[in-house]
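Participant: What follows is a predicted structure for the sequence shown.
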Amino acid sequence: EFFRLLQISLWGNKCDLSLSGGDTSSQKTNIINSLEELKPLILVNDTEHLWSLLTNCKKTREKASITRVDIVLDNSGFELVTDLVLADFLLSSQLATEIHFYGKMIPWFVSDTTIHDFNWLIEQMKKSDDKCMSQCGAAWETYINMGRWVYQDHIFWTLPHEFCVMSQVAPGLYAELQKAHLILFKGDLNYRKLTGDRKWEFTVPFHQALNGFHPAPLCSIRTLKAEIQVGLRPGQAEQYMASEPNWLTTGKYGVLQFDGPL
């Protein structure tokens, strides 16, 4: 389930307005049924690293200690649902004991998650006529009331800075991220800021492109919608470029790209 939910969270990132030209879009098909055929479209798949990290945390966790996963959110709507389902699984499986969500104070793009979107979604889930959805909404509200889910925002997420300067520009936020055992960065904009939006060679290691931004082990969960990608195998990018000139920007391909000690 862990691997499937990560993939669902990845492909949920396709559902934003950057690909639809501002037209509204909805998820009408069951994405679970498509996971196997979508798997070859994941250019970098480091989910085994995430599994190893979190299972090791679970094995070594003392009785009163916590395992904290931070999720830097991207889009509201369907993608946010997939992120919250993943977060619910991390708690229920005891792979994590605490989840911190980071949204934006104002949307960078119109579909970006704010506190209003976060609260509204949970409220709609609670009020749903579907029993499973309403139970999820009630459980998520309980997590928030218990402090096991924490939502926070910060002006840094909508400032024009790459993340490698966070420790200087927003030291409090950087220190907060350092408390996490794993940080999940959702979406294309976060990937661009992680890598400084530079025209890197495709084979440059992800660790190098982060340019010193290493608050904690982290993973980018992103479908490609901008002309930047690192950490590919030699020849991998050229293979896609030959058959699909726009492969970097269509949202067809994705990555689950990890950086951290193994």
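Facilitator: Looks like it arrived, so ask away. Residues are numbered from 1 along each chain as shown.
Participant: Spell out the residue ranges of the helices in the chain.
Facilitator: Under the criterion DSSP state H, helices of the chain are mapped to 2-12, 35-38, 47-60, 78-92, 115-127, 131-146, 166-169, 171-177, 188-194, 206-209, 236-243.
Participant: Could you say which of the ones you listed is packed most deeply?
Facilitator: Across the helices of the chain, the average number of neighbours (mean count of other Cβ atoms under 10 Å) peaks for helix 188-194, which reaches a mean of 23. All C-beta atoms are positioned from the backbone trio N, CA, C, and that covers glycine.
Participant: got a list of contacts for that helix?
Facilitator: Outside helix 188-194, the residues within contact range by Cβ atoms under 8 Å, 6 or more residues apart in numbering are 13, 18, 72, 74, 108-109, 161-163, 185, 209-210, 213, 218, 220, 222-226, 228, 255.
Participant: Looking at those residues, which are in strands?
Facilitator: 72, 185, 218, 220, 222-223, 255 (DSSP state E).
Participant: Format those as a markdown table; extra columns: neighbour count and distance to Asn30.
Facilitator: Output for those, formatted as a markdown table (neighbours: other Cβ atoms under 10 Å; distance: Cβ to Cβ, whole Å):
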| residue | neighbour count | distance to Asn30 |
| --- | --- | --- |
| Val72 | 25 | 27 |
| Phe185 | 22 | 26 |
| Leu218 | 24 | 30 |
| Ser220 | 28 | 26 |
| Arg222 | 27 | 22 |
| Thr223 | 24 | 18 |
| Val255 | 24 | 23 |
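Participant: Find the pair from these with maximum spatial separation.
Facilitator: Across those, no pair lies farther apart than Leu218 and Thr223, at 17.5 Å, counting by Cβ to Cβ.
Participant: Relative to Ala170, how far out is the residue nearest to Leu173 when sequence neighbours are not counted?
Facilitator: Excluding the flanking residues, the one nearest Leu173 by Cβ to Cβ, 6 or more residues apart in numbering is His154, at 4.9 Å. If you measure His154 against Ala170 using Cβ to Cβ, to the nearest Å, the figure is 6 Å.
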